[in-house]
Structures are given as C-alpha cells and as structure tokens.
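Participant: the sequence and its predicted three-dimensional model are supplied below.
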Amino acid sequence: MRELATGRYTADQVEAALRSPSAVYGSRFEVLSPDLDKIADLEAGPGGVFDAAVEVNVDQAIKGSLDLQMLPVEDLRDCTFTRRIKPWFRLAMPDGGWAEWPQGVFVWGVPDRDLIGMGQEEWSITLGDQLQILDLSGPGASGFTVHTGNGITDAIKRCLRRAGFDDTSGVVDSDDEFDEPKTWVFSTPRTRARRQREIYEALLEQNSGASAQARAMRYAIEQKLVPLREAAPDADNDRVSWLEIIEDCCDAIGYSSPWFDGDGICRVQPHQNLTTADPDHVVATEPDGLLLTAATSHELDRVKNRFLMKSENARVQNRLAVVDADDLMPNHPLCASKIGFHIDGREVDRVAGSHTALVKRARKRLFEALSTYETVSLNTLAWPVHEAFDIVGFRWDHDPDYTVRQVFHQRRHTLDLTTGEMTRNLRRVYQ
C-alpha cells in the first residue's frame with residue numbers, strides 16, 4: 001500500500017478528509033507516450049471524460065483496468081497501443097487545495113462508439129495496464145535463454161528491458177539462480193549441439209545398469225553432456241510471451257506475479273508470508289468509518305489443504321515439495337487435522353533450481369488456495385492508495401465472526417473516480 005501523505009498534506013490530514021461525511025472527490029487524466037512522457041491532458045467532466053473507474057484484480061493475467069466513458073478526442077482516434085492514459089484520483093482538502101494519487105498507467109486501445117446524432121458520438125473503452133504489453137509481445141523466433149548460474153531476478157529484468165521497460169527498480173533482487181540452462185522459444189532449433197545432446201542422452205538411458213563399467217560409462221557421458229546442455233538448453237515451446245516467461249521465473253522463487261504500480265513501474269516482489277502479515281489498512285464499523293455494506297461467501301471447490309509441487313528439473317535432488325496446512329495454518333477450519341482428510345493441490349514447476357525454491361512456490365499456492373474458503377465483499381468510500389496484494393483488516397461490531405478484527409488478502413478492488421465509491425473482494429487469512 002502506498003503512503004496517504006501526498007504533496008503538502010500529511011497522512012493524518014488526508015485520512016481525516018477521506019473520512020469526512022462531506023468529502024469531495026475529483027479526477028484528472030494525462031496522456032503519455034510509451035516512455036511515460038506527458039503529452040497532454042484529457043478534460044474531466046461533461047465535456048470530456050464523464051465517467052471512469054479503475055480496477056485491480058490479482059487473479060487475472062492483466063491485473064489493472066481502466067473503464068472510460070468520454071466524448072471523442074481526435075488526437076487519440078488512431079493511437080492504438082501508442083498512447084498511455086494515467087488517471088489521478090483527487091480529494092478536496094479543507095484549505096482549498098487538492099490531494100491526489102496516480103491510479104496506474106493504461107494502454108490506449110480502440111473505443112466503442114455510440115453514434116448519438118449527426119456528427120455526434122460518445123466513446124466507451126476498457127484499457128488494460130502495461131501487463132498487456134508484456135502479454136502481447138515476446139522474444140520472437142530467437143527465443144529467450146538463461147544459463148546455469150544466471151540470477152533469476154536478473155533474467156526478469158532482462159525480459160523487462162527487452163520488452164521496452166528500462167526502469168527495473170521495482171524488481172526485488174533474489175539470490176536464487178538457475179541450476180540448468182533453459183530456453184523459451186516457439187520452435188526449438190535443430191542445431192548440431194541439440195542433435196548431439198539427444199544422442200548422448202539416449203546413450204545415457206541405455207547405460208542404466210549397476211555394473212562398474214555402466215557407472216563409468218554414465219560418468220563419461222555426463223561429462224560430454226555438460227557443455228551440450230548449455231549450448232542446447234531444455235526448451236519450453238508453450239510459454240513464449242514476456243509475461244509468461246516472467247511468471248515462470250516468479251513462480252520458481254516464490255514471488256507474486258508481476259504487477260504495475262500507480263506510476264507505471266513494474267513490481268516483482270516476494271509473496272508475503274500470510275501467516276504473520278499485519279493489515280496495511282483496517283475497514284470497520286466506526287462513526288467515521290469508510291465501510292458501507294459487507295457480504296460473505298465461500299468457494300469450497302477451490303480450497304486445498306496440502307500442496308504437492310514437483311520439479312521438472314532433473315538436477316534438483318529432492319524433486320517433490322510438500323507443504324501442509326496443519327503445519328503452516330493450524331487454525332484454518334479446513335486443515336486435515338480438523339476435517340479428517342487431505343485435499344491436495346498438485347502442480348509441476350518448470351524453472352525452480354532447488355528444493356528450497358520449490359517449497360517457496362508450494363507455500364504461495366497453498367496460501368492462495370486456503371484463502372478461497374471465506375470471502376468478504378465490501379462496499380466502502382474511497383481509499384485511493386491500495387495496491388495489488390494488499391493485506392486488509394475487517395471488523396464488524398456485534399457480529400459473531402467479525403467482532404474481533406480478522407485479516408484478509410485483498411484480491412480485487414474497484415474505485416469509481418467520479419463518486420469515490422469502492423468495491424473490494426477479500427479472502428480470509430487464518431493466522
């Protein structure tokens with residue numbers, strides 16, 4: 001979550017204004033180049049953008065979206081993918097000024113047009129954030145290759161730069177390295193090194209006996225395979241967009257999937273330990289609270305209480321990681337110790353180079369699967385500094401389940417830039 005303090009206003013001043021029953025909201029919109037240089041402003045109001053909402057949904061590949069209802073802007077009519085829109089949420093302050101926060105950077109597309117009269121039209125358009133660029137583009141026929149010993153977060157930065165994102169300051173560095181070479185490519189080149197590798201791997205499989213001669217032969221073949229595996233790495237022919245490659249790397253080291261912040265910087269960060277996480281923000285039934293309504297639901301079909309993560313990397317000594325809710329979240333009502341059986345989730349990892357990395361990914365997937373058990377949907381007033389994967393506290397006085405503040409993982413939030421109303425979808429974390 002970003003800081004409330006902005007410009008000349010402190011966090012306390014901003015929070016008091018947000019909680020005021022007479023809060024006044026506004027918005028403004030900037031047109032940017034792909035390099036995020038400002039080109040122009042869009043008019044907000046009846047003569048320009050007359051309705052707008054921003055949503056962040058971490059369960060989607062393209063997490064951020066911006067819905068616009070607007071009058072036509074001739075300078076944007078033929079600018080598909082070549083312009084960015086940066087909306088700002090604004091809050092009127094008691095001294096007559098405005099506090100404001102950027103809500104993301106979104107890729108301009110093709111608007112739907114409502115022809116309302118002769119020479120008159122209105123536009124409606126839903127824009128995706130810059131994850132859309134990573135999803136649409138990729139390394140092309142040459143593919144993307146990593147080698148043994150390359151840093152995994154270094155590879156993520158290299159992907160971002162090749163996709164045109166030079167600012168990689170949002171990538172949190174990890175010491176994890178690739179333990180074997182790998183290539184992401186649509187069609188695997190039939191090079192001389194690859195043909196030789198296949199020959200020696202077939203010989204290795206043929207010499208599987210336990211005799212001293214067979215062991216000596218395997219050792220000799222393995223030595224010949226070392227340079228061939230570097231020259232002709234294992235190939236993934238399915239996942240070839242920059243976003244898919246980065247997600248593979250994130251999964252391998254237990255990081256959350258990538259997202260873009262309010263200023264358009266790509267964030268790649270470790271997945272939070274939900275068993276110990278404190279709320280970034282608390283929503284509660286208070287006289288000056290933001291909470292309007294709440295509703296609960298359950299998604300039992302998605303719950304897992306044990307996760308099995310298998311590595312495709314033959315060099316990982318222990319190729320199976322098993323994490324159990326009985327060990328990580330013993331208070332969860334669907335632990336095997338409470339319901340009497342395990343509900344297993346199973347996945348195959350394509351990149352992880354160590355058992356430790358496998359465990360990190362399995363823990364992340366287990367936390368996500370356990371949190372689907374209980375969800376809460378909230379309608380609130382504006383809290384314009386939320387980001388992807390925030391931790392939120394929820395309290396509803398005199399309720400048997402929520403009188404004591406409970407901790408939730410926010411999976412989706414939508415902010416109406418006109419009315420200041422928000423909807424939030426939370427999944428409960430049992431600590």
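Facilitator: Here it is on my side, so go on. Numbering: from 1, shown residues only.
Participant: check which helices and strands the helix ranked longest in the chain sits against.
Facilitator: Counting residues, the longest helix found in the chain (DSSP state H) is helix 212-231. In terms of contact count using 3 or more Cβ pairs under 8 Å, 6 or more residues apart in numbering; DSSP states H and E, helix 212-231 is assigned the packing partners helix 192-206. Yep, even glycine has a C-beta here, placed from its N, CA and C like the rest.
Participant: next helix or strand past the helix or strand of the chain with the lowest mean pLDDT?
Facilitator: Confidence across the helices and strands of the chain bottoms out at strand 234-236, with a mean of 71, counting by mean pLDDT, DSSP states H and E. Helices and strands here follow DSSP states H and E; after strand 234-236, the next one along the chain is helix 242-252.
Participant: run through who's touching that following helix.
Facilitator: The list of residues contacting helix 242-252 from outside it, by Cβ atoms under 8 Å, 6 or more residues apart in numbering, reads 61, 131, 134-135, 137-139, 144, 152-153, 155-156, 159-160, 162-163, 176, 184, 236, 239, 255-258, 268, 349-353, 357, 361, 364.
Participant: same check on stretch 220-229?
Facilitator: Under the contact criterion Cβ under 8 Å, 6+ apart, stretch 220-229 has outside partners 180, 181, 193, 196, 197, 200, 201, 203, 204, 207.
Participant: how about a cut-off of 10 Å?
Facilitator: Stretch 220-229 is contacted by residues 147-148, 180-182, 192-207, 232, 315 when judged by Cβ atoms under 10 Å, 6 or more residues apart in numbering.
Participant: ok, stretch 158-166 next?
Facilitator: By Cβ under 10 Å, 6+ apart, the surrounding residues in contact with stretch 158-166 are 34-36, 130, 133-140, 144, 146, 150-151, 157, 167-168, 170-171, 184, 241-246, 249, 258, 260, 264-266, 268.
Participant: which among these end up buried?
Facilitator: Restricting the contacts of stretch 158-166 to buried positions leaves 36, 130, 133-135, 138-139, 144, 146, 150-151, 157, 168, 170-171, 184, 241-246, 249, 258, 260, 264-266, 268, with burial counted as 16 or more other Cβ atoms under 10 Å.
Participant: what residues are bridge-paired with residue 57?
Facilitator: According to DSSP bridges, the partner residues bridging residue 57 are residue 412.
Participant: wait, it touches residue 65, no?
Facilitator: Yes - here residue 57 lies in contact with residue 65, judged by Cβ atoms under 10 Å, at a distance of 7.6 Å.
Participant: next, show the common contact partners of these two.
Facilitator: Between them, residue 57 and residue 65 share these contacting residues under Cβ under 10 Å, 6+ apart: residue 414.
Participant: who's more crowded, these two?
Facilitator: Under the neighbour definition other Cβ atoms under 10 Å, residue 57 and residue 65 were set side by side, and residue 65 has more, 19 against 16.
Participant: count of neighbours near the residue lying closest to that one once chain neighbours are set aside?
Facilitator: Closest residue to residue 65 in three dimensions, ignoring its sequence neighbours and counting by Cβ to Cβ, 6 or more residues apart in numbering: residue 55, at 5.0 Å. For residue 55, the neighbour count with other Cβ under 10 Å is 20.
Participant: repeat that for residue 71.
Facilitator: Residue 71: 16 surrounding residues under other Cβ under 10 Å.
Participant: ok, which stretches of the stretch 51-200 of the chain are strands?
Facilitator: Taking DSSP state E, counting those that start in this stretch as the criterion, the stretch 51-200 of the chain contains strands spanning 64-70, 84-92, 98-102, 106-107, 112-117, 120-128, 144-146, 182-184.
Participant: hmm, I typed the wrong one, I wanted the stretch 251-400 of the chain.
Facilitator: Secondary structure of the stretch 251-400 of the chain, counting by DSSP E, counting those that start in this stretch: strands at 259-260, 266-267, 281-284, 291-297, 306-311, 320-324, 344-349, 375-381, 391-395.
Participant: what's the most buried one of these?
Facilitator: The highest mean neighbour count among those, using mean count of other Cβ atoms under 10 Å, belongs to strand 259-260: a mean of 24.
Participant: and the contacts of it?
Facilitator: Residues from elsewhere that reach strand 259-260, judged by Cβ under 10 Å, 6+ apart: 56, 58, 62-64, 104-106, 129-134, 165, 170, 265-269, 387-389.
Participant: tell me which residues of stretch 122-131 are tucked away?
Facilitator: By 16+ other Cβ under 10 Å, the buried positions in stretch 122-131 come out as 123, 125, 127, 128, 129, 130, 131.
Participant: what about the stretch 101-250 of the chain, any weak spots by pLDDT?
Facilitator: Applying pLDDT under 70 to the stretch 101-250 of the chain flags residues 236-239.
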